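Trainee: After the sequence you'll find the predicted model.
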Amino acid sequence: MAHNRVKVVVRVRPTNNFAHDNIEIVEDSKVVVHSNKHAVGHINNQVSDWSFPMDRVFHNAAQDSVYNDCVSQIVDKALDGYNGTVMAYGQTGAGKTFTITGSTENFQERGMIPRALSHLFQSINSMIENSVTVRVSYMEIYNEVLTDLLATEDEEAKTLTISEDDGVTVVKGLNVRLANNEEEALNLLFEGETNRVIAEHALNHASSRSHCVFTVHIESRSRTQSSSNYTLSKLNFVDLAGSERLGKTKSEGLTKKEAMYINQSLTFLEQVIIAVADRKREHVPFRQSKLTHVLKDSIGGNCNTVMIANIWGEAAQLEETISTLRFGTRMMCVANEPLQNVHFDPVLLVKEYELEIKSLKMELAMHDTLANRSNVSYEAYTETQQFDLQQVIRRYISGTVSEIEIVNLRQVKEIFKQFKAIVLSQEKEIEARMIQKYNIDLTADGSKSSRRGSFADGGVGETDGTGFGLGVAPPTAKLEKAAVVESRKLKSRKATKERVGSGAKKTSQPPSPQEEVPELPPPITPALSSIPPLHPPSSPPTKADAFEEFKRERGSEINRIFVENKKTLGDKKRTAKDLAALINNSKRDIDSTKCVLEKKRSERIAEEGEAAENVYDEDEFKLLTELKELKKSYKENHAELKCVQSDITYCQKLVDQARQRLVQEFDQWYLESFVQLGDQTRPSTTTAPLTAMAPSPSPQAVEDNQEKFERLQLELMMENPESIPYLNAKKKMEKRAIYQPKMPGKIKASVRNAPPTVMSKV
């Protein structure tokens, strides 16, 4: 297993006020910082010089130099199945966002992400033997809240959660969009950039107030080999929010709150790095913050990681520069273990296993043929073979055959299976003989009772099973099925009316769906042929009048059930209201009794001293007894209120069902009675066919200023073909920002991000 430490490079923000006296760059690989703090009048033992060796130091370097030295190798490794992470760290205003994203105003100043996407798709186009699928996700961590920057407007706000699946950190609920080419990937990047949270800051007029993670998911499969394995890698670009000193920047309000969250998460990140670098530590606190949990794979995990430490080379920012360089040296102590992420396709894997099983069977058959065992079969036993084997087993049980020849393991399993079948069949035969011999009758519950004598054919009734009979009823004594159903319906209707009449009195008992609240009848779906022909008037009645007529005639039963359920619901609600009033009164009485008891007790203790603290007088005892009774009444009423509330929920459900059923039946009845019949009686009208109008000849279109500008822009882009996807994605982003509204449900901030601009050079 290869161990690679994190590569750390330093990039200095260009400035005209570079502190040459304080910052010294030695051979592009070391930064030496000198402090101006010198004590006067006494000995100074403080460290005034610091040396920070780094992998590379970029001073006044262009974007392509940084990319070629730091990022290009990670992109190539990602295509081979290795995870990669590019992280930008530094103080506010040091140029982290410019390094990661770059500027959309100048194609040459685009950042690491656009260059990596261009490099990635160019490499994919040259890979003829592999099929590569690219997907993109973009996430923001603002004030310890995860936000999907690629969420569409019609999507509901999702709660993103971080979990681990087989040791891999996964953000559940995050959108992963498919990108077929470089332009689509850049379009998704710019879409996410416009949704980032930025705000004006003392060190930067458009400061990023959140951590952002742009992830490229790469899936590579072979076109030439029918193999089940494929590689799945991730390429993370992390733009960390800038750290700052609140005492120095004097941030207030929302900016101060954002800075506190940013500093807290960066502090947890530094603690995690220190813990990972210490090999004696058994626990690493990755779950202290959302940022460290998301970056778990990138810090000390299965990943090739590069950190770009952005510093501001001015004397006023010297403390922040030293802090950033210290963080970089700690990051260099972290060792990662990059491994190729090879996965297996289950469908192709099953096919490979089937081919392997087939070849093994052929090899086994060849081995049996060479060993003179040509009659051995390894397929599943047929019904004929099972019957033959069963006969052999029966002869073995009876003693006709002394032994059974064992051929293979499959035959042994089949012998046990047939042994089991024979034993079960013999048990059934013995049980049938016992029943026939002793006249044993198996009842419904599985018990056995003996029968003495037989009933006449067609008799109705059963014996009691205790040794004597009570007689058998004649066949005419049994009611017909229709008569039984009608009698049950009459009894249920009478019981329902009695329960509805006394429903207001019994409110404390929970309703039973079979006893108290009437259910809905089955839906009425009469055939159109059974409906008597109607003679609709010249104009159909209004729906209100028709609804009243429907409730009196065809929907009378449903309306009756609806009214009864509604009445029961009203009674339950009034009971709940009364119980709530009783509970509130009991609570007030309990509170007042407690106050009186505490007052009496404190007064008595003050008069008699601490010795009387564990003694109660007669008045206090009465108050305690009263308080106990009040609490008991409160608990009983509260329990009864819960039962009534559950009754209300059930009754409300039945009322809603009855209302919906009533409306549906009415709509069907109204449609059949008035609308459809009215359409059949209405005379049909024909309209003359429309004649097509020939388009009038239009004058030659004149090119306006916008079209002329686009034509000239296209001519300029053809001079540099690599910039076409980048500029097309930028154009789509600008149109979307103009014509589409902001996405709802997002985090509100002082400013929404505009397209990234060029870094100002002081």
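Mentor: It's in.

Trainee: how far away is Thr147 from Gly173?
Mentor: Taking CB to CB, to the nearest Å as the measure, Thr147 falls 11 Å from Gly173. Every residue, glycine included, has its C-beta placed from N, CA and C.

Trainee: Count residues in the vicinity of the spatially closest residue to Leu623 that is not a sequence neighbour, would you?
Mentor: Leaving aside its sequence neighbours, Leu623 sits nearest to Leu597 (CB to CB, 6 or more residues apart in numbering; 4.5 Å). Neighbourhood size, Leu597 [other CB atoms under 10 Å]: 18.

Trainee: in what helix or strand does Leu597 lie?
Mentor: Using DSSP states H and E, the element containing Leu597 is helix 556-608.

Trainee: For stretch 376-390, list every residue counted as buried.
Mentor: Buried residues in stretch 376-390, counting neighbours by 16 or more other CB atoms under 10 Å, are found at Tyr381, Leu389, Gln390.

Trainee: which one of those residues is nearest Phe547?
Mentor: Using CB to CB, Tyr381 is the member of the buried residues of stretch 376-390 that lies nearest Phe547, at 69.8 Å.

Trainee: any idea whether the closest residue to Thr169 other than its chain neighbours is helix, strand or coil?
Mentor: Spatial nearest neighbour of Thr169, excluding adjacent residues (CB to CB, 6+ apart): Lys296 at 4.9 Å. The three-state assignment at Lys296 reads coil, by DSSP: H, G, I helix; E, B strand; the rest coil.

Trainee: Next, count neighbours for the nearest residue to Thr99 once chain neighbours are set aside.
Mentor: Of all residues not flanking Thr99 in the chain, Ala88 sits nearest, at 5.2 Å (CB to CB, 6+ apart). Neighbourhood size, Ala88 [other CB under 10 Å]: 26.

Trainee: go on, Ser298?
Mentor: Ser298: 25 neighbours (other CB under 10 Å).

Trainee: same check, this time on the one 5 residues further on
Mentor: Counted by other CB under 10 Å, the residues lying close to Cys303 total 26.

Trainee: tell me the pLDDT at it?
Mentor: On pLDDT, Cys303 comes in at 90.

Trainee: Now stretch 120-127: buried residues?
Mentor: For stretch 120-127, the neighbour count (16+ other CB under 10 Å) marks Leu120, Phe121, Ile124 as buried.

Trainee: Among those, which one sits closest to Val334?
Mentor: Leu120 (25.7 Å).

Trainee: Touching the helix or strand where the closest one lies from outside, list them.
Mentor: According to DSSP H and E, Leu120 maps onto helix 112-126. Contact with helix 112-126 is made by 63-64, 66-67, 70-72, 75-76, 78-79, 86, 99-102, 132, 134, 181-182, 185-186, 189, 214, 216, 218, 235, 237, 722, 725-726, as judged by CB atoms under 8 Å, 6 or more residues apart in numbering.

Trainee: again, but for stretch 70-86
Mentor: 7, 9, 56, 100, 112, 115-116, 119-120, 123-124, 127, 132, 216, 218, 220, 231-238, 295, 297-298, 301-306, 308, 338-342.

Trainee: Quick check: Asp578 vs Asp647, distance?
Mentor: Asp578 is 14 Å from Asp647, where distance means CB to CB.

Trainee: Those two: which is more packed in?
Mentor: Just comparing Asp578 and Asp647: by other CB under 10 Å the higher neighbour count belongs to Asp647, 25 against 14.

Trainee: Report the mean per-residue pLDDT for the host helix or strand of the more buried one.
Mentor: Using DSSP H and E, Asp647 sits within helix 618-670. Mean pLDDT, computed over helix 618-670, is 87.

Trainee: Not counting its neighbours along the chain, what's nearest Ser227?
Mentor: Distances taken as CB to CB, 6+ apart place Leu348 nearest to Ser227, at 7.3 Å, with adjacent residues excluded.

Trainee: Look at the one you found and give its secondary structure.
Mentor: Three-state assignment for Leu348 (three-state DSSP): helix.

Trainee: and Ala380, that one's in a helix?
Mentor: No: read with three-state DSSP, Ala380 is coil and lies in no helix.

Trainee: And it, how close does it get to Gln390?
Mentor: Counting by CB to CB - Ala380 and Gln390 are separated by 16 Å.

Trainee: OK, contacts around the residue nearest to Thr99?
Mentor: Ala88 neighbours (CB under 8 Å, 6+ apart): Lys96, Thr97, Thr99, Ile100, Val238, Asp239, Leu240, Met307, Ile308, Asn310.

Trainee: Please apply the same query to Lys256.
Mentor: Leu246.

Trainee: which phi and psi does it have?
Mentor: The phi/psi pair for Lys256 (degrees, to the nearest 10) reads phi -70, psi -40.

Trainee: Go ahead and flag the most central residue of the chain.
Mentor: Gly173 (4.7 Å; CA atoms, centre = their mean).

Trainee: Specify the local secondary structure of the residue nearest to that one when sequence neighbours are not counted.
Mentor: Once flanking residues are discounted, Gly173 sits nearest to Lys158: 4.3 Å by CB to CB, 6+ apart. Recorded secondary structure, Lys158: coil (three-state DSSP).

Trainee: Kindly report the same for the one 5 residues further on.
Mentor: In terms of secondary structure, Ser163 is strand; the call rests on three-state DSSP.

Trainee: Endpoints of stretch 236-243, how far apart?
Mentor: Start and end residues of stretch 236-243 are separated by 21 Å (CA to CA, to the nearest Å).

Trainee: Number the chain from 863, please
Mentor: Sure thing, new numbering starts at 863, so read that last one as stretch 1098-1105.

Trainee: Let me know the average pLDDT across it.
Mentor: The average pLDDT within stretch 1098-1105 is 88.

Trainee: re the thing from before, narrow the contacts of helix 974-988 to just the buried residues.
Mentor: Buried by 16+ other CB under 10 Å: 925, 928-929, 932-933, 937, 940-941, 948, 961-964, 994, 996, 1044, 1047-1048, 1051, 1076, 1078, 1080, 1097, 1099, 1587-1588, out of those.

Trainee: Mind checking which of those residues are in strands?
Mentor: Secondary structure assignment by DSSP state E places Val948, Val994, Val996, Phe1076, Val1078, Ile1080, Leu1097, Phe1099 of the buried ones among the contacts of helix 974-988 in strands.

Trainee: I'd say the third one and Leu1048 touch.
Mentor: No: contact status for Val996 versus Leu1048: not in contact, 11.9 Å apart, counting by CB atoms under 8 Å.

Trainee: buried residues in the helix or strand harbouring Ile1297?
Mentor: Using DSSP H and E, Ile1297 sits in helix 1271-1300. Using 16+ other CB under 10 Å as the test for burial, helix 1271-1300 gives Gln1273, Glu1276, Ile1277, Gln1280.

Trainee: can you check stretch 1446-1453 too?
Mentor: With the criterion 16+ other CB under 10 Å, stretch 1446-1453 contains buried residues Ser1448, Asp1451, Ile1452.

Trainee: The closest residue to the first one other than its chain neighbours: neighbour count?
Mentor: To tie it back to what came earlier, the one meant is Ser1448. Leaving out its chain neighbours, the residue that sits closest to Ser1448 by CB to CB, 6+ apart is Tyr1496, at 4.2 Å. Counted with other CB under 10 Å, the neighbours of Tyr1496 add up to 18.

Trainee: All set, thanks.
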